[in-house]
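> Would you be able to build a 3D model of this:
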Amino acid sequence: MDFVSPILKIVNCLWDSCDKRAVYIRQLPENLKSLRDEMEELKNVYKDVKKRVEDEQKLQKEIKHVVTGWIRSVESMEGEVNEMLTKGEEEIKKKCLGNCCTCCTCCPRNCRASYELGKMVPKRLMLCLNCGRCPSPTLPVIELPLDNTVGLDSLSEEVWRCLQDDKVRTIGLYGMGGVGKTTLLKRINNEFLETSFEFDKVIWVVVSKPASVEKIQEMVLRQCDAPDNRWKGRSEDEKAKEIYNILKTRKFILLLDDIWEQLNLLKIGFPLNDQNMSKVIFTTRFLNVCEAMGAESIKVECLKFKDAFALFQSNVGEATFNSHPRIPKLAKIVVEECKGLPLALMIAGGAMKGKKTPQEWQKNIELLQSYPSKVPGMENDLFRVLALSYDNLSKANIKSCFLYCSMFPEDWEISCKQLIELWIGEGFLDEWHHIHDARTNGEEIIEQLNASCLLESGQSEKHVKMHDVIRDMALWLACENGEKKNKCVIKERGRWIEGHEIAEWKETQRMSLWDNSIEDSTEPPDFRNLETLLASGESMKSFPSQFFRHMSVIRVLDLSNSELMVLPAEIGNLKTLHYLNLSKTEIESLPMKLKNLTKLRCLILDDMEKLETIPSQLISSLSSLQLFSLYASIGCNGDWGFLLEELACLKHVSDISIPLRSVLHTQKSVDSHKLGRSIRRLSLQDCTGMTTMELSPYLQILQIWRCFDLADVKINLGRGQEFSKLSEVEIIRCPKLLHLTCLAFAPNLLSLRVEYCESMQEVITEDEEIGISEVENVQMPSHICGGALSFPSLREITVKHCPRLRKLTFDSNTNCLRKIEGEQHWWDGLDWEDQTIKQKLTQYFVPK
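Modelled structure (predicted):
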C-alpha cells in the first residue's frame, strides 16, 4: 500500500492546477464585462483631462510631465484593451468555453487560449483601475507674482523650520498693515516650486474681510480640479464634504492670506489630522487671531534701516537715485520718515521716481513731514490700507482711544498709566463708574491695540509706542481724512509759535504743544471749541496773558514736565475741566480759585519738588474728584497728611497717591476704612518712632525710606484675601527691618528693591505666624513651602548693602524673573538649597 500515497499527491496537484485554470476560464465573461466598463470610465476621465490640458495650455500654463505621460499611457492602454475584448468575444463564442465550464481537461487543445486570456484580463483590469486617478494637469504650486523680498530671509527660514517640525500644524504670520506679510506668504508659496518638501498640493486663498466660507470653498475646489457638477449649486455642507473627500488622503499646504477673524477650517472642509500631516500658514494683523487658531505665531516686523534703504532705492530707480550727489543723503531722510514700513517705502519711492533735483526732493520731504497725506499715493494706497485696522476696532470709544495716541510726539514712549488717566479725563471710559474698573478696561484696550499692531511695546512694559506712519494715519483720520487739518493741532518739539498761527486755531478741538514757546499777543486767543490741551516740555515756562480765557468746553489740561512756576489764575474758571496734571512743574502754590473746578475728576501733582502750599479746603471743594495723586512731591516737608481728612470726606475719590512723614498720619491712613481702600500708592519717609507698619490689601505701590525704627511690616488681610494688587515695593534704609514675609501674599509683585536693611536675613521667613495681622483663618499661601517662594510674577529684584541677607527664597517655578541687581560679593556668598535654581538665575544677575 506504500505506492498509494504518492499517487494521491500527484492527483491532488493535478486537480488543484485544473481547478485554478477552470476559475480563470469560468470568470472570463464577467471579467471582460468589468474591463469594458472600467475602460469606458477611464476614457471619460481621459476626455476631461485632455480638455483641461488644452484649456491650461491656452492660459500658457506649464503642464506636468506626469500628466502627459498619463495621457500617453491611457491611449496605449485603450488599444490593448480593445484587442483583448475582441479576442475575448471570440473565445466566448467557441463551443469549448460553453461546454467545459467545470473541467479544462475535456478539450485541452481549444481551452488553452481561453485560459491565457482569462489570466491576462484581471491584470489589465487592475491597470485600468490604477490609471483612473489622474494627477492635476498643472504643477501642485501656482507661481505668484512677487515684489522685492528684501529683508525677509530670516523670516522665511523661520517659517520653513516650522514647516519641517511635525509638532507645528498651523503657522500665523502677524503684523501691522503694509509690513510685508502677504509678500512673505507669496515667497513661501513660490519656494515650494524648488523645495524637496513632500506635498501633494499647495492651495492659495485670499480671505479678506468679511470672510465668506462659500467663496473660500469655491477657490479651494477650483484649485483642487474638482468637476463643476460635484459642487456648483451645492450647499456649504456639501461643498465641505467634497473638499474633505478630495484632501483627506493628500498632504496639502494651505496658504490663507489676510485673515481678520478666527476661521473654522473643518467647517470649510479641511481635514487637519495627524495622518495626512498637512500644514496651514496664514497672515493676519491680529495676534489674537493667531492665538485663537492655535498657531505658532511669527511677528513680521518693520525693516532695519539697511534693508529699508535698499527697498526704497529699488523703487526710486537707479537713474533717479544717481542723478545728483545730494540725493542719496536726502533719501536717508525719507527712509527715516517711513520707519522701515515696506508699503510706505515703496509708495514714497514711487513718488520720488523721476525727481532728479535736490530742490524737488526737499519739497517732497517737507510735504512728507508736515502733510504726508498730500504725498502722491500716501492717502489712497497707504493710509486707507492701514485704516482698515482702525475700522475693525469693535467700539467707538476704542477708536477714540487709538486716535488719542497720535497726540504724543513721534517716537514717544507713552506711559500706559498716564494714557489711561487721560482717557478717563476725556470720558472715553465713562461706561465704568468706578475708576479702578475704568483702569482695567483701559489696560484691556491697550492690549487690544497692541494685538492689532496699532500700538507697539515700549522699552518697558509700562510704556507703549505708536509707529510714525500709523501716527500719521491716525492724525489723518482725526482730521476727518485730512479735510479739516486744524481740527487736531500737533506741534513738534522746540518750535516758536507765533500769534498768527494761534489765530487760525478757532476750530481746533485737540491741541498738543510739546516743548514749545508761545508768542505773547494783545488779544486773548479764541479756543471756544478746544476740548484738550497738552502743553509739556522745558520750553513751556509761561503762557501769554489771558491765554486760557476762552476755553469754555475744555475737559483735559496737561501742563506736566514744564518749567511753569506760576499757575495762571484763569485756569480756576475752567469749570468744564475733568483732568488737570501739573506734575514735574516748578509751581510752589496752588491758587484757591481751583476750588471752582467742581467737575474735576483727576488732579495729578506728582514730583512737584517745589510745591509748598495747597490751601485748606481746596481739595475738599472738588466734589467730583475720583483720582488724587501727590506722589513723590516732597514739599511741605514731604508730609501732606493734613489732606487726609479732606480726601476722606470726598464721596467719589477712590484712587489716592500720597507721601506721609509722621506716625500719626500713617496710622490715620490705616484706621480710616475709606482711606484704606483708596490709597493705592503710598510713600513713607522719615517716620521716626514707627516700629510696625500695617498695610492695606488694596495697596499697589509701596515705598518706605529712612524709617530707622521700623522692624515689622504686616498686612491686614480678611478671610480669603490676597495682597493681589501690590506690584512694586521699595524699602531703603530701614536698618531694623527683619523680613518682608507679607510679600508671600503678593502673587502679582513685579519689582522688589531692598537697600541698606542691615538686619534683614530673609525676605520670607518660615515662621507662619509672622507677616499678617491677627485675623482668623488666614494661613500662608500654598505657593510657599519651607521658605521657598515662586514669586510667579516678579520681573526684577535689587538688593544692596544688606550683608545679612544670605538667602533668596525662590523656587524652581520662578519663571518671570529677568533681572537681579546687587553687589558681586553678595551674590557669590548666597546660600542655595538647590544649586539648579542658582544656575537658572545666574544669567539674570547684574553686578553693581
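> who touches residue 446 in this structure?
Residues in contact with residue 446, defined by C-beta atoms under 8 Å, 6 or more residues apart in numbering, are 416, 419, 420, 455, 464. (Glycine included, C-beta is placed from N, CA and C.)
> Ignore what I typed, I meant residue 271.
244, 247, 248, 278.
> So which of these belong to helices?
244, 247 (DSSP state H).
> where exactly do the strands run in the stretch 201-350 of the chain?
Under the criterion DSSP state E, counting those that start in this stretch, the stretch 201-350 of the chain contains strands at 201-206, 252-259, 279-284, 296-299.
> Kindly calculate the angle that the longest one makes with strand 201-206.
Interaxial angle of strand 252-259 relative to strand 201-206 (axes from the mean of the first three to the mean of the last three C-alpha atoms, to 10 degrees): 10 degrees.
> Equivalent analysis for the third one, please.
Interaxial angle of strand 279-284 relative to strand 201-206 (the same axes, to 10 degrees): 20 degrees.
> What strands line up against strand 279-284, and which way round?
Using DSSP bridges, the strands paired with strand 279-284 are strand 170-174 (parallel), strand 252-259 (parallel).
> starting at the chain centroid, how far to the shortest one?
Spelled out, that is strand 170-174. From the chain centre to the centre of strand 170-174 is a distance of 11 Å (C-alpha atoms, centre = their mean, to the nearest Å).
> contacts for that strand?
Applying C-beta under 8 Å, 6+ apart, the contact partners of strand 170-174 are 155, 159, 162-163, 181, 184-185, 272, 279-287, 289-290, 293-300, 453.
> If you rank every helix and strand of the protein by mean pLDDT, what lands last?
Of all regular secondary-structure elements in the chain, judged by mean pLDDT, DSSP states H and E, the least confident is strand 784-785 with a mean of 38.
> Okay, helices next: where are they in the stretch 701-848 of the chain?
With DSSP state H, counting those that start in this stretch as the definition, the stretch 701-848 of the chain shows helices at residue ranges 824-828, 835-842.
> Using a markdown table, please lay out those helices together with distance to residue 329 and mean neighbour count.
Supplementary listing: those in a markdown table, determined by distance: least, C-beta to C-beta, whole Å; neighbours: other C-beta atoms under 10 Å:
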| stretch | distance to residue 329 | mean neighbour count |
| --- | --- | --- |
| helix 824-828 | 47 | 13 |
| helix 835-842 | 47 | 13 |
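> looking at the ones you listed, which is closest to residue 809?
Closest to residue 809 of those, according to C-beta to C-beta: helix 835-842, at 10.3 Å.
> check contacts around residue 619.
Contacts for residue 619 (C-beta under 8 Å, 6+ apart) come out as 603, 625, 628, 643, 646, 647, 650.
> Now a ChimeraX select for only the buried ones of the contacts of strand 170-174.
Per 16 or more other C-beta atoms under 10 Å, the buried members of those correspond to this ChimeraX selection:
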select :155,159,162,163,181,184,185,272,279,280,281,282,283,284,285,286,287,289,290,293,295,296,298,300,453
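> which one of the strands of the stretch 201-350 of the chain lies closest to residue 331?
strand 296-299 (27.5 Å).
> That closest one packs against which elements?
Packing partners of strand 296-299 (3 or more C-beta pairs under 8 Å, 6 or more residues apart in numbering; DSSP states H and E): helix 153-163, strand 170-174, helix 287-292.
> re the thing from before, of the contacts of residue 619, which is the most crowded?
residue 625 (25 neighbours; other C-beta atoms under 10 Å).
> For that one, which residues are in contact?
For residue 625, the contacting residues are 600, 601, 602, 603, 619, 650, 652, 653, by C-beta under 8 Å, 6+ apart.
> Please flag which of those residues sit within strands.
Of the positions in the contacts of residue 625, 602, 603 sit in strands, assigned by DSSP state E.
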